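> pasting the structure only:
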């Protein structure tokens, strides 16, 4: 397990996780992966099912997701997250990926499962959520993942600034706002991958000044079965 670094606030005992059975993927899961051009390593589907089971079980104790139905969770969480995998295909083994505002772990955890050769950092400002992320990724045996608690706008001015090859974010603000939370973490030439909805192009048009300010350019927006992926290059 990568060293997650110090966690602000008083230390807490390890978060106990319930014993759960992995959720089975829906019948069309493999076909939908194929449509996105995603091929998973061995046992990845089982790990994804175990992650979703933990997420939904712990959601009964803390606010991790508004999605409570397993079938919807496979689509809205797993497939949505895995829509980013083709865009990190060129990232070499050992490349660093930061998931900003990770919450319950989407898209960072599914990407870490799909690309175990990447070093994935999950960032969230809520201590309870980071506690869940640390406990869940340890239970899943994800040695390529760490979790950090803190505010992006603060940590972006520290040692994590310019440290990542890829930065991801989903559903944590408009593009203009996301840029100040994500771009400072990316290396020059690094990728920013933002999962957005139907207003992606409108938000990009509104973010022209912020794009210039953070020296980012819009490479493309890709429509996926679950939304849109905005691809930016620093």
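Structure's in. What do you need? A quick note: this is a predicted structure, and the numbers were derived from the prediction, not measured.
> the longest strand along the chain pairs with which strands?
Longest strand in the chain by number of residues, with DSSP state E as the criterion: strand 186-196. Strand 186-196 sits in its sheet next to strand 164-170 (parallel), strand 227-233 (antiparallel), going by DSSP bridges.
> what's the offset of that strand from the middle of its chain?
Taking CA atoms, centre = their mean, to the nearest Å, one finds the center of strand 186-196 at 12 Å from the center of the full chain.
> could you list the buried residues of it?
Neighbour-count burial for strand 186-196 flags 186-187, 190-196 (criterion: 16 or more other CB atoms under 10 Å). Every residue, glycine included, has its C-beta placed from N, CA and C.
> for stretch 68-76, same thing?
Buried, per 16+ other CB under 10 Å, within stretch 68-76: 70, 73-76.
> ok, so of those, who is nearest residue 37?
Among these, residue 75 lies closest to residue 37 (CB to CB), at 17.2 Å.
> can I assume the closest one is in contact with residue 227?
No. Assessed by CB atoms under 8 Å, residue 75 is found out of contact with residue 227, at 10.6 Å.
> what about the helices in this structure?
Secondary structure of the chain (DSSP state H): helices located at 29-36, 44-58, 70-73, 80-82, 108-114, 127-139, 152-155, 175-182, 200-206, 208-213.
> okay, now residue 148: neighbour count?
Number of residues near residue 148 (other CB atoms under 10 Å) recorded here: 22.
> quick check: closest non-adjacent residue to it.
residue 123 (5.1 Å; CB to CB, 6 or more residues apart in numbering).
> the one you found pairs with what?
Listed beta-bridge partners, residue 123: residue 100, residue 148 (assigned using DSSP bridges).
> pLDDT below threshold where in this protein?
1-14 (pLDDT under 70).
> mind redoing it with 50?
Within the chain, the stretches with pLDDT under 50 are 1-11.
> buried stuff in stretch 99-109?
99-109.
> and stretch 208-227, by the same measure?
So stretch 208-227, judged by 16+ other CB under 10 Å, has buried residues 210-211, 214, 216, 218, 222, 224, 226-227.
> ends of that stretch, what's the gap?
Using CA to CA, to the nearest Å, the end-to-end distance of stretch 208-227 comes to 22 Å.
> how far does it sit from the chain's center?
That offset, for stretch 208-227, works out to 17 Å (CA atoms, centre = their mean).
> number the chain from 46, please
Yes, from this point I'll number from 46; that puts the last item at stretch 253-272.
> so what touches it?
Applying CB atoms under 8 Å, 6 or more residues apart in numbering, the set of residues contacting stretch 253-272 from outside is 77, 80-81, 120-121, 124-125, 128, 132, 220-221, 224-225, 228-229, 237, 240-242, 245-246, 249, 273-279.
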